[in-house]
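Asks: only geometry, no sequence info:
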């Protein structure tokens, strides 16, 4: 690997999803069910963020541990087809995978097979070499990827992570919650404790922005020293939600694209809301990622016209930089 210029380095989170469509969730117990055709596709969170950033015109690099197996080759083939730079090391435990049940409204339940030993830490060269040319690092929550966040911070590079369905207590998530500049988390398990969890992340960590993503209920964005605000979910005319797999990853990628272009937290979260809704419009994981022209059109339609910001606008990446005012 060489230190090629990269806008977003995504560390960890490659895998394959098997999608099973069901009438409703939870599925009542029965010996068997007849279901529509079952599909296996490239999925998982790192794949979605890397592909989403790449589709939106960012120079993305994705690094991870995979297996020498059919699933690993699926990943390599898809990313090569997309033109996404994908650097790997191979481990005998294989490639991560999941079985996702998706109901008629697009809700999903995922059965996740992490595959790798919990204490696996690949050679740090996997992320350190591309980090030398990166503007931003996004780490999926594999145990070893927190080291990439630490290295990025030491190098003065901004960082982000997605805590997914954290309950605010699981100790696995805490190092990530406290190490990243931009923290994304699902609201699915934060009912009644959301404010306390966000406050804890801000008090004990380095986060400049914390985004709670809550599907059809929209998202809530809290900016250090800048207050919080709600961003409504977007209903795209003629594109109903059929599958929520990958919606959060699409939100994150569009947020990063807007943020790295110099946008404030409000503009970035609005872009995330549109991209997340777009991802729900087709069946499968990462099967339909929004491009920059469609994103701009939908933003104008739902949030009003905006002044374009040059993609190379510098971003204040120093650790002590003051976060943007969310109302600006």
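Replies: Right, received. Where do you want to start? In this text, all values refer to a predicted model and were calculated from it rather than measured experimentally.

Asks: strands of the stretch 151-300 of the chain, residue ranges please.
Replies: 158-162, 182-186, 209-213, 219-223, 227-231 (DSSP state E, counting those that start in this stretch).

Asks: show me the contacts for the most centrally placed residue in the chain.
Replies: Residue closest to the mean C-alpha point of the chain, counted by CA atoms, centre = their mean, is residue 249 at 3.3 Å. By CB atoms under 8 Å, 6 or more residues apart in numbering, residue 249 lies in contact with 45, 47-49, 52, 162, 279, 286. The C-beta positions use only the backbone N, C-alpha and C, and glycine is treated the same way.

Asks: any chance of the strands of the stretch 151-300 of the chain in a markdown table, with distance to residue 244 too?
Replies: Formatted as a markdown table, the strands of the stretch 151-300 of the chain follow (distance: least, CB to CB, whole Å):
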| stretch | distance to residue 244 |
| --- | --- |
| strand 158-162 | 15 |
| strand 182-186 | 11 |
| strand 209-213 | 11 |
| strand 219-223 | 14 |
| strand 227-231 | 17 |
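
Asks: check contacts around residue 121.
Replies: By CB under 8 Å, 6+ apart, the residues touching residue 121 are 143-144, 147.

Asks: in the stretch 151-300 of the chain, where is pLDDT below threshold?
Replies: 242-243, 284-287 (pLDDT under 70).

Asks: can you give me the helices for it?
Replies: 174-179, 194-204, 247-260, 265-279, 292-303 (DSSP state H, counting those that start in this stretch).

Asks: between the ones you listed, which gets nearest to residue 68?
Replies: With CB to CB as the measure, helix 247-260 is the member of those nearest residue 68 (25.5 Å).

Asks: ok, which stretches of the stretch 1-150 of the chain are helices?
Replies: Assigned helices in the stretch 1-150 of the chain, in chain order: 45-55, 70-82, 125-131, 146-154 (criterion: DSSP H, counting those that start in this stretch).

Asks: of those helices, which approaches residue 296 most closely?
Replies: Residue 296 lies closest to helix 45-55 among the helices of the stretch 1-150 of the chain, at 13.5 Å (CB to CB).

Asks: that closest one to helix 292-303, inter-axis angle?
Replies: Calculated by axes from the mean of the first three to the mean of the last three CA atoms, to 10 degrees, helix 45-55 forms an angle of 100 degrees with helix 292-303.

Asks: how distant is helix 45-55 from the center of its chain?
Replies: Centroid displacement of helix 45-55 relative to its chain, using CA atoms, centre = their mean, to the nearest Å, is 7 Å.

Asks: who are the contact partners of the residue nearest to residue 139 when sequence neighbours are not counted?
Replies: In space, and not counting its chain neighbours, residue 139 is closest to residue 145: 4.1 Å by CB to CB, 6 or more residues apart in numbering. Contact analysis of residue 145 by CB under 8 Å, 6+ apart lists 11-12, 127, 139, 176.

Asks: please pick the buried ones from these.
Replies: 11-12, 127, 139, 176 (16 or more other CB atoms under 10 Å).

Asks: thinking again about what came up before, now the contacts of residue 145 as a markdown table including distance to residue 270?
Replies: Converted to a markdown table, these look like this (distance: CB to CB, whole Å):
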| residue | distance to residue 270 |
| --- | --- |
| 11 | 26 |
| 12 | 27 |
| 127 | 30 |
| 139 | 24 |
| 176 | 25 |
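
Asks: of all those, which two lie farthest apart?
Replies: That would be 127 and 176, which, of those, are the farthest apart (CB to CB) at 14.6 Å.

Asks: can you count the residues close to residue 165?
Replies: Residues within reach of residue 165, counting by other CB atoms under 10 Å, total 14.

Asks: next up, phi/psi of it, please.
Replies: The phi/psi pair for residue 165 (degrees, to the nearest 10) reads phi -90, psi 50.

Asks: hang on, the earlier thing: and the helices of the stretch 151-300 of the chain, which is most packed in?
Replies: helix 247-260 (a mean of 28; mean count of other CB atoms under 10 Å).

Asks: ok, residue 162 - contacts?
Replies: 45, 49, 138, 140-141, 184-185, 248-249, 252.

Asks: can you check residue 298 too?
Replies: So residue 298 contacts 234, 236, 274, 278, 290 (CB under 8 Å, 6+ apart).

Asks: and which of the residues you listed is nearest to residue 104?
Replies: Checking these against residue 104 by CB to CB gives residue 236 as the nearest, at 18.3 Å.

Asks: which residue is the nearest non-sequential neighbour of the closest one?
Replies: residue 277 (5.2 Å).

Asks: that neighbour: what's it in contact with?
Replies: Residue 277 touches 233-236, 239, 241, 247, counting by CB under 8 Å, 6+ apart.

Asks: so which of the helices of the stretch 151-300 of the chain comes closest to residue 67?
Replies: helix 247-260 (21.5 Å).

Asks: give me the angle between that closest one and strand 219-223.
Replies: Put simply, helix 247-260 runs at 40 degrees to strand 219-223, going by the same axes, to 10 degrees.

Asks: and helix 247-260, how far out from the chain's middle?
Replies: On CA atoms, centre = their mean, the centre of helix 247-260 falls 7 Å from that of its chain.

Asks: of the contacts of residue 121, grab the buried ones for ChimeraX.
Replies: Buried residues among these (16+ other CB under 10 Å), as a ChimeraX selection:
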select :143,144,147
